[in-house]
Every structure is written in structure tokens, then in C-alpha cells.
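Q: here you go, sequence then predicted model.
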Amino acid sequence: MVPDEWGRKFECDGAAVTNSWVGPSSVHFTTKAYFFLIMLSVQPERTIAINSDRSMIGFAPSGCIEIVPENSELFSRWRHTKHSMLIAPTEKRLLNLTDKEWGESLPEFFLPKLGVVDQKALDIASLIRQELLCDGLGREESLESLITFFGIHVLRTYTSLSTKQDRNNSGGLTPAARKRVIEFIHANLSEKLTIEKLASIAELSPSYFARAFRQSFGQTPHELVLTTRLQTARNMILASNVSLAEISQATGFSSNSHMSTAMKRVWGENPRQIRHSK
């Protein structure tokens, strides 16, 4: 629903993000997902109306958040160049996250007034923007994780779930959970390994799993997955004559070039150099 020329986009299962930079304009449509708009530039004369003929007009500082529920009629206008991050999960994705975190259905959002600054939302949105623009290693899995963390933040902050405690206690993963997760990673390296998927293997909520995983392994799930992919690929290169393209596919890299870039960065050698060194 955002024109391609407005900025770079990323889409995954049940969510999309875009880094938008556009001159004075206006939009009027019905949303197909929940819209969380984080302003990265000041908007002195911001106009917005959600399911209403009455518009709010006011000052929107950098870092302010706007929330528009799914299937809402949205009208907005800006008279100055607008730089913003839009994080748009579907109701189904938020419902799934709410069930995993709190064991409840999706509650109604309390919509913030125009101009309310949310520093944590801005921090997460800034990390999403960095990943969106850099094309770094493990970009898709990193973006998926950040979208999940953003979803947990807005659910905790702008719904009745803000009064509820997490169902899990603090601490690391149990030995059994660690074993299940590591075995699953090794058995499914060629697949997309999202934090939600790994958390389900550990039978934990995504937010608790992320904290417990770091406490147990000293790194994030994304970092361990990338390390495992690199080491498994290196072992296959040294121990077999399987083509580099097949190895990159088997270990979850998007291409041989992606694998080569990762190995060069970590070990200073590309796959061909590693193979010739054996």
C-alpha cells in the first residue's frame, strides 16, 4: 500500500516494513494490516484521521508513534518532507504473538494522541531501518526477530496486556530445551530459522526465549544460527567434493556469493581458498 518509490521495503510472513522518505502529500485508504508509524523527521503540521471525518492536526516530533488498527479507514496529510518507518504486522501475526506470550486473544489497542514520543519504539525501528538498508548477513532472520520484538513492545505498551506479567520466570534455558534447540538448528539449517520457530521448539514465548537463550549461550539466536551455518559449510567444503552452490543451499545461505562473503569476513578466506587448503 506504500508506493515503491517512497522507500525500501521488506515483506515476510504476516508483516512488512518500509523506510519511507517522501515529499508533501496525502493518503486515504483502508489498512490491510496494523500500521505502526514511527516518525524519523519533524512534522509541524501533521494531519491524521482514523475511522472518522474529524481530523487531528498538530505537531509530530521525531520519535512519535501513530497506531492504525487493521481494516481502518486512514486519512493522513503532511505538508513537509516526511521520513518515517512503517512496521505493519497483520492481525493474525499479532494474535499469534499474543497467544504465545500471554496465552490470550488479541486485545484492543489504546491509540496514542498525536505527537506522543515512544523512545523504545524509535530504537527498535532504527535497528529495523539499519537492517533494511544494509543487506548484511542474516538480514531476513534479523528483520523477522526485530519485527517480533517490536510487536511485543507495542502489545505491552498500548494494550491491556501492559498490566500482565510474562508467564515465564527469568533464567536460562533448561538442559533439555538447549538440546532440543541445538538439534533443531543443525537439522534445519537450510530453512528460515526465526525466533518464533526456535522459541516453539523450546516451548517458550519469543521474548522469554530470546533472554534465556542469551543467558545460556552468551549470544543471540541469530548469531548462533549464523555461526553454525558457517562452521557446517566449512566442514562440508573440507570433507567433500560437493559443489559450493549445493553447500550454500544446504546450510541456509541465500547464494554461494552470500556464503563466500560471510566466510571472507570471518576467516579471511573464500570457499574456494578453504577447499584448496585441505
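A: All right, it came through fine. This one's a predicted model, so the numbers in the text were calculated from it and none came from an experiment.
Q: do you have the helices of the chain handy? List them.
A: 91-102, 119-134, 139-158, 175-187, 195-202, 206-217, 221-239, 244-250, 256-267, 271-276 (DSSP state H).
Q: do you know which of those lies nearest residue 39?
A: Each of the helices of the chain has some distance to residue 39 by C-beta to C-beta; the shortest is helix 119-134, at 8.6 Å. To be clear about C-beta, it is placed using only N, CA and C from the backbone, and glycine gets the same treatment.
Q: quick one: the closest one to chain centroid distance?
A: 9 Å (C-alpha atoms, centre = their mean, to the nearest Å).
Q: ok, the spatially closest residue to residue 157 that is not a sequence neighbour to residue 79 distance?
A: The shortest distance from residue 157 to any non-neighbouring residue, by C-beta to C-beta, 6 or more residues apart in numbering, is to residue 118 (7.1 Å). Distance, residue 118 to residue 79, using C-beta to C-beta, to the nearest Å: 23 Å.
Q: how about the helices of the chain in JSON lines, adding mean pLDDT, distance to residue 5 and mean neighbour count?
A: Compiled in JSON lines, those are given as follows (pLDDT from 0 to 100; distance: least, C-beta to C-beta, whole Å; neighbours: other C-beta atoms under 10 Å):
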{"stretch": "helix 91-102", "mean pLDDT": "90", "distance to residue 5": "27", "mean neighbour count": "19"}
{"stretch": "helix 119-134", "mean pLDDT": "92", "distance to residue 5": "16", "mean neighbour count": "18"}
{"stretch": "helix 139-158", "mean pLDDT": "91", "distance to residue 5": "21", "mean neighbour count": "21"}
{"stretch": "helix 175-187", "mean pLDDT": "89", "distance to residue 5": "39", "mean neighbour count": "14"}
{"stretch": "helix 195-202", "mean pLDDT": "90", "distance to residue 5": "32", "mean neighbour count": "20"}
{"stretch": "helix 206-217", "mean pLDDT": "87", "distance to residue 5": "34", "mean neighbour count": "20"}
{"stretch": "helix 221-239", "mean pLDDT": "89", "distance to residue 5": "31", "mean neighbour count": "18"}
{"stretch": "helix 244-250", "mean pLDDT": "91", "distance to residue 5": "33", "mean neighbour count": "17"}
{"stretch": "helix 256-267", "mean pLDDT": "87", "distance to residue 5": "27", "mean neighbour count": "17"}
{"stretch": "helix 271-276", "mean pLDDT": "88", "distance to residue 5": "37", "mean neighbour count": "15"}
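Q: got TSV for those, with distance to residue 31 too?
A: What follows is those, written out as TSV (distance: least, C-beta to C-beta, whole Å):
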stretch	distance to residue 31
helix 91-102	10
helix 119-134	18
helix 139-158	15
helix 175-187	35
helix 195-202	23
helix 206-217	24
helix 221-239	29
helix 244-250	37
helix 256-267	34
helix 271-276	45
